[in-house]
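Visitor: Pasting the sequence and the predicted model now:
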Amino acid sequence: MAGSAAELLDRFDLADAAKKTPATYSGGMRRRLDLAMTLVGDLRVIFLDEPTTGLDPRSRHTMWQIIRDLVASGVTILLTTQYLDEADQLADRIAVLDQGKLVAQGTPDELKRRVPGGHIRLQFADASELEAAARTLGEVARDDNELTLQIPTDGSVRSLRAVLDRLDHEALAVNGVSVHTPDLDDVFFAITSHPDTQKWNVR
């Protein structure tokens, strides 16, 4: 990824801004300029400290793509972030620090598997369908106002199919189906005791 200044300005979509002073750059442009300057040398390891903080959604996704491209070219990136979706999108491995101590590490999927709470949410057209489905499925969480049932699941297609097959066998129609599996937000709340001081390190 190393190259001449002109190549890097072009790579980071800064060529048109090259004649302007950095003081006139937007936040996203400054972040891209910082990263471009880092790549003037042939670096194989880069540390990024919250590189997307304060960026608008478009600039944030542009930075994500730049980071992915760097990783694809063989660069190792150590990144700290407070954004859990960012960690999920970019990380091969994650280390969670709480009060300066390492409390968990692993791939995003490994961390998510440590947290219970996956469920299938079924919505029905009326109370009679809800009642019949609740009898068929047994121990489930029920919301009579929303006409929904919540069934624990491991998030697999097999478990979803098993639930729907049971309802189909009883000729019960489902109006809506959604599957929730634990995300990194769930991991965060489960393993940290002081969320205001938590930070994610991803690689």
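Guide: Right, received. Where do you want to start?
Visitor: and the helix ranked longest in the chain, how far from the chain's centre?
Guide: Across the chain, the longest stretch assigned as helix under DSSP state H is helix 57-72. Taking CA atoms, centre = their mean, to the nearest Å, one finds helix 57-72 lying 14 Å from the centre of the chain it belongs to.
Visitor: Could you check it and say which residues are buried?
Guide: Under the neighbour-count criterion of 16 or more other CB atoms under 10 Å, helix 57-72 has 59-60, 62-64, 66-67, 70 buried. (C-beta placed from N, C-alpha, C; glycine too.)
Visitor: now stretch 35-42
Guide: 35-36, 38-39.
Visitor: Next, the distance between the ends of it.
Guide: 13 Å (CA to CA, to the nearest Å).
Visitor: swap in stretch 148-157?
Guide: 20 Å.
Visitor: can you redo the buried residues of helix 57-72 as a markdown table with distance to L130 and pLDDT?
Guide: Output for the buried residues of helix 57-72, formatted as a markdown table (distance: CB to CB, whole Å; pLDDT from 0 to 100):
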| residue | distance to L130 | pLDDT |
| --- | --- | --- |
| S59 | 45 | 81 |
| R60 | 41 | 86 |
| T62 | 46 | 84 |
| M63 | 46 | 86 |
| W64 | 42 | 91 |
| I66 | 49 | 86 |
| I67 | 46 | 90 |
| L70 | 51 | 88 |
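Visitor: Out of those, the closest to F12 would be?
Guide: Checking these against F12 with CB to CB, the nearest one is I66 at 6.9 Å.
Visitor: follow-up on the earlier one: and the buried residues of stretch 35-42, which of them are in helices?
Guide: 35-36, 38.
Visitor: okay, and for the chain, where does confidence drop off?
Guide: Applying pLDDT under 70 to the chain flags residues 1-4, 17-18, 193-203.
Visitor: now with 80?
Guide: 1-28, 31-32, 34-42, 117, 155, 193-203 (pLDDT under 80).
Visitor: That one: helices as residue ranges?
Guide: Along the chain, the segments classed as helices by DSSP H run 5-11, 27-38, 57-72, 84-90, 108-113, 127-137, 157-169, 184-191.
Visitor: who touches the nearest residue to R114 once chain neighbours are set aside in this structure?
Guide: Once flanking residues are discounted, R114 sits nearest to V187: 6.9 Å by CB to CB, 6 or more residues apart in numbering. By CB atoms under 8 Å, 6 or more residues apart in numbering, the contact list for V187 reads 96, 104, 111-112, 114-115.
Visitor: how close does V187 get to G176?
Guide: Going from V187 to G176 by CB to CB, to the nearest Å gives 27 Å.
Visitor: repeat for E7
Guide: For E7, the distance to G176 - CB to CB - is 51 Å.
Visitor: Which of the helices of the chain sits closest to R44?
Guide: Set against R44 and scored by CB to CB, those come closest in helix 57-72, at 10.3 Å.
Visitor: Spatially central residue for this protein, please.
Guide: D85 (2.8 Å; CA atoms, centre = their mean).
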